[in-house]
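return atomic coordinates for the entry below.
(one chain, ligands or ions: 2)
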Amino acid sequence: MDIIFYHPTFDTQSWLAGLQQQLPEARVREWREGDNQPADYALVWHPPVEMLAGRKQLKGVFALGAGVDSILSKLKAHPDMLPAGVPLFRLEDTGMGLQMQEYAVSQVLHWFRRFDDYQAQKQQANWQPLDEYRREDFTIGLLGAGVLGGQVAESLIAWGFPVRCWSRSKKDYPGVTSFAGAEQLGDFLNGTRVLINLLPNTPQTVGIINAGLLEQLADEAYVLNLARGVHLVEADLLAALDNGKLKGAMLDVFSQEPLPVDSPLWKHPRVAITPHIAAVTRPDEAMAYIARTIRQIEKGEKPAGEVSLQHGY
Ligand SMILES: NC(=O)C1=CN([C@@H]2O[C@H](COP(=O)(O)OP(=O)(O)OC[C@H]3O[C@@H](n4cnc5c(N)ncnc54)[C@H](O)[C@@H]3O)[C@@H](O)[C@H]2O)C=CC1
Ligand SMILES: O=C(O)C(=O)CO
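Ligands and ions are numbered 1, 2, ... in the order given. The predicted structure is shown next:
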């Protein structure tokens, strides 16, 4: 079995060694320009078109991340990049769920305990206990309730917050109120105090967090964007912060990355920023998942994690 690997920034040698250990029966190599030698599987992130185009013998392509938007947008421009019938897999969880839980829980607690207000008071040397917030006024709403959103919901339930989610179809997570489809988006937003985005980037979700949506949230709401920058209309977020509708935002992802130095988001006192690190690929867990999935394919089984090209995620 031959496996080709391409990632623009990962430590390729350590991935090749790790994969070889997980799959001793395979021949694993780095893909380089001009390599047309046979391959059964391709492991990729931002792959050059020529790496995959025409490789009809592939049994599977693995995206080395959870979101497949960059691969699918390339596929749109170059439909021959993924030969017909070759399944595309993505990383499901592989350690990202826990990272998303850490990020979301720490930030929700930061807002809930008013550390943002105390930080602002500190700038003024102002010693002033503030009214406590009540959990019942702190409903958390998850936009997207899949592998990662479901785990974030679970972690916030454990902290006693009212939690609701919105997805394409209804979910059955214990203690979580589930809303589904465009017709229930308004009900989901009504009363949501903290909006956490974990949607995939698809034509249906681009720009979804806009002025019209923000207006429907509870007053003094907060936005946590953990998914993709294109989901959020940044100008609308800034306007909602400045008109008082939103109390704060924490953003991990941006319409342009790295975020340009002249973006007004950097300077806004109620916007917190991290550089797209909410959940990163954990090599050991990712390699174990890929090896397990390849073994399932080799046995003729149908593994989890296949991307629906029809739905775009
Ligand atoms: N900031 C970061 O470091 C990272 C960001 N991500 C982002 O998180 C996203 C979510 O990852 P997973 O939970 O693994 O994805 P998933 O595919 O398991 O879950 C997606 C959820 O969104 C819902 N959804 C999709 N389209 C919808 C629509 N039109 N209307 C309503 N609901 C819709 C689905 O029903 C599902 O509940 C990824 O696509 C990626 O963009 C993932 C990993 C790291
Ligand atoms: O896996 C993904 O989709 C990511 O965004 C990793 O940072």
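
how long is stretch 296-304 end to end?
Chord length of stretch 296-304, first to last residue, is 10 Å (Cα to Cα, to the nearest Å).

got the buried residues for that stretch?
By neighbour count, and taking 16 or more other Cβ atoms under 10 Å as the criterion, the buried residues in stretch 296-304 are 297, 303. Where C-beta positions appear, they are placed from N, C-alpha and C, glycine not excepted.

can you list the neighbours in contact with it?
Stretch 296-304 is touched from outside by 1, 59-60, 87, 89, 92, 292-293, with contacts defined as Cβ atoms under 8 Å, 6 or more residues apart in numbering.

what's the neighbour count on residue 117?
A count of neighbours around residue 117, defined by other Cβ atoms under 10 Å, yields 15.

could you look up the SS state of it?
Assigned by DSSP: H, G, I helix; E, B strand; the rest coil, the conformation of residue 117 is helix.

so it touches residue 130, yeah?
Yes. Between residue 117 and residue 130 a contact is recorded at 5.7 Å, counting by Cβ atoms under 8 Å.

now do the contacts for the closest residue to residue 259 other than its chain neighbours.
Distances taken as Cβ to Cβ, 6 or more residues apart in numbering place residue 265 nearest to residue 259, at 6.4 Å, with adjacent residues excluded. Taking Cβ under 8 Å, 6+ apart as the definition of contact, the neighbours of residue 265 are 234, 238, 251, 254, 259, 271, 273.

not counting sequence-adjacent ones, nearest residue to the fourth one?
Spelled out, it's residue 254. Among residues not flanking residue 254 along the chain, residue 229 sits closest, at 3.9 Å (Cβ to Cβ, 6+ apart).

swap in residue 78?
Leaving aside its sequence neighbours, residue 78 sits nearest to residue 49 (Cβ to Cβ, 6+ apart; 4.7 Å).

do you know how far the one you found is from ligand 1?
Here the criterion is Cβ to the nearest ligand atom, to the nearest Å. By it, residue 49 lies 22 Å from ligand 1.

got it, and residue 126?
Between residue 126 and ligand 1 the distance, using Cβ to the nearest ligand atom, works out to 34 Å.

can you give me the helices in this protein?
Using DSSP state H, the helices found in the chain span residues 12-22, 49-52, 69-77, 96-112, 115-123, 147-158, 185-189, 211-215, 234-242, 264-267, 283-298.

can you check which of these gets nearest to ligand 2?
Nearest of the helices of the chain to ligand 2, taken as Cβ to the nearest ligand atom: helix 96-112 at 6.6 Å.

and that closest one, what's buried?
Along helix 96-112, these residues count as buried under the neighbour rule (16+ other Cβ under 10 Å): 96-97, 99-101, 103-105, 107-108, 110-112.

ok, residue 125 to residue 276 distance?
When Cβ to Cβ, to the nearest Å is applied, the distance between residue 125 and residue 276 equals 35 Å.
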